[in-house]
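Visitor: just to be clear, the model below is a prediction. Sequence and coordinates:
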2 protein chains.
Amino acid sequence: MVNQQTSLDTVFHALADPTRRAVIARLLIGAAPVKRLAEPFAMGLPAFMKHLSVLETSGLIRSEKQGRTRTCHINADRLATAEDWLSEQRAVWQGRTDRLAEFVESQNLPNE
Amino acid sequence: MVNQQTSLDTVFHALADPTRRAVIARLLIGAAPVKRLAEPFAMGLPAFMKHLSVLETSGLIRSEKQGRTRTCHINADRLATAEDWLSEQRAVWQGRTDRLAEFVESQNLPNE
């Protein structure tokens, strides 16, 4: 449970930044080398590498070095942990609004 | 677009903490006064109020004061913005894996 909480902490933290979300969106299309990933962003490579480090810590991406090129890959399962948590919350909310609707119906109020 | 990004930033940031996620899960069941919300957590009220402040800034919850009691309510629509973003990403990923499966099938490899 503690591990799951820590995992959600780091995944949601990683998602709380537009650069990191854009990197995820890009990697979902396919793996890419760091240099190409960094191109669209108006920031230095050290700043960009910090974002990649946050993403790797969260487990949302992984990277591997071949020769002088480091290539990043998405870990879609990790993204699913965040979506699963949100889906569970929505189910609770949906259940509540359904019960409210049933209650209102059960009162069988006459139409005006 | 910038507003939407800022909104996602603050929502995901708010979700990146177990206390704040527990408050959200509690409020999805129904509104509650701050004092009762704080009870399960082993922290002082000032620390807890900081968490509520992060949640209010993100728009995930709102609160109203009546007399001496401040009551918190969930804003489920805001939670949906985070889930929607994740669903969009999953759709991209699903499309990619579907195309990969189609490609493999199209190769019509003989069974061993």
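Guide: Perfect, thanks for sending it.
Visitor: pull up the gap between residue A:39 and residue B:27, please.
Guide: 42 Å (CB to CB, to the nearest Å). Where you see a C-beta, it was placed from the backbone N, CA and C, and this is true even at glycine.
Visitor: neighbour count winner among the two?
Guide: A count of neighbours by other CB atoms under 10 Å in any protein chain shown puts residue B:27 above the other of residue A:39 and residue B:27, at 22 against 8.
Visitor: what average pLDDT does the host helix or strand of that one get?
Guide: Assessed by DSSP states H and E, residue B:27 sits inside helix B:18-29. If you average the pLDDT over helix B:18-29, you get 96.
Visitor: run a quick neighbour tally on residue A:28.
Guide: By the criterion of other CB under 10 Å, residue A:28 has 19 neighbours.
Visitor: next one: residue A:55
Guide: Each residue near residue A:55 was counted by other CB under 10 Å, and the total is 28.
Visitor: now do it, the pLDDT please.
Guide: 98.
Visitor: so where do the strands sit in chain A?
Guide: A:32-33, A:61-66, A:69-74 (DSSP state E).
Visitor: so which of those is nearest residue B:92?
Guide: strand A:69-74 (9.9 Å; CB to CB).
Visitor: distance from the closest one to the middle of the chain?
Guide: 18 Å (CA atoms, centre = their mean, to the nearest Å).
Visitor: with stretch A:90-103 instead?
Guide: For stretch A:90-103 - counting by CA atoms, centre = their mean - the centre lies 26 Å from the chain centre.
Visitor: residues near the closest residue to residue A:4 other than its chain neighbours, how many?
Guide: Distance criterion CB to CB, 6 or more residues apart in numbering or on different chains; nearest residue to residue A:4, sequence neighbours excluded, is residue A:81 at 7.8 Å. As a burial measure, residue A:81 scores 16 neighbours (other CB under 10 Å).
Visitor: same question, residue A:22
Guide: Other residues near residue A:22 come to 15 when the count uses other CB under 10 Å.
Visitor: quick one: contacts for it?
Guide: By CB atoms under 8 Å, 6 or more residues apart in numbering or on different chains, the residues touching residue A:22 are A:40-41.
Visitor: for residue B:89, see how far away it is.
Guide: 11 Å.
Visitor: quick check, central residue of chain A?
Guide: residue A:79 (4.6 Å; CA atoms, centre = their mean).
Visitor: surely that one touches residue B:88?
Guide: No. Using CB atoms under 8 Å, residue A:79 is not in contact with residue B:88; the gap is 11.0 Å.
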